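A.B. asks: have a look; sequence and predicted model below, questions after that.
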Amino acid sequence: MPIFEYVCRECNHRFELLMQGSAEAVCPQCKATKLEKQFSAFGVGATANWASSGTSGSCGSCGDPRGPGACSMN
């Protein structure tokens, strides 16, 4: 299930939604359906084979760019 980022055109609330099937996105703050889909920071620059590349980031587990042992996951 994809995660989409939106900005509500009615109240300017910025939020993310996990979308299932053909469900219609609704602003959780004002319940409006006039939404503007945003580019996801996670998905920008991804290529078709990014998920199958076999690497999981600089850290090795979370992708922390500071390298192995830099994050709280280690």
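C.D. replies: Yes, it's here. If you're wondering where the values come from, they're calculated on a predicted model, not measured in any experiment. Numbering: from 1, shown residues only.
A.B. asks: look up how far Arg66 lies from Ile3.
C.D. replies: To Arg66, Ile3 is 25 Å away according to CB to CB, to the nearest Å. Any C-beta I mention is one placed from the backbone N, CA and C, and that applies to glycine too.
A.B. asks: again with Cys27
C.D. replies: 36 Å.
A.B. asks: who has more neighbours, these two?
C.D. replies: Neighbour count, other CB atoms under 10 Å: between Cys27 and Arg66, Cys27 has more, with 21 against 9.
A.B. asks: contacts only, for that one.
C.D. replies: Tyr6, Cys8, Glu10, Cys11, His13, Phe15, Thr33, Leu35 (CB atoms under 8 Å, 6 or more residues apart in numbering).
A.B. asks: based on its surroundings, how many neighbours for the third one?
C.D. replies: Just to be clear, that refers to Glu10. Using other CB under 10 Å, Glu10 has 13 neighbouring residues.
A.B. asks: do the last one as well
C.D. replies: Under the neighbour criterion other CB under 10 Å, Leu35 is assigned a count of 20.
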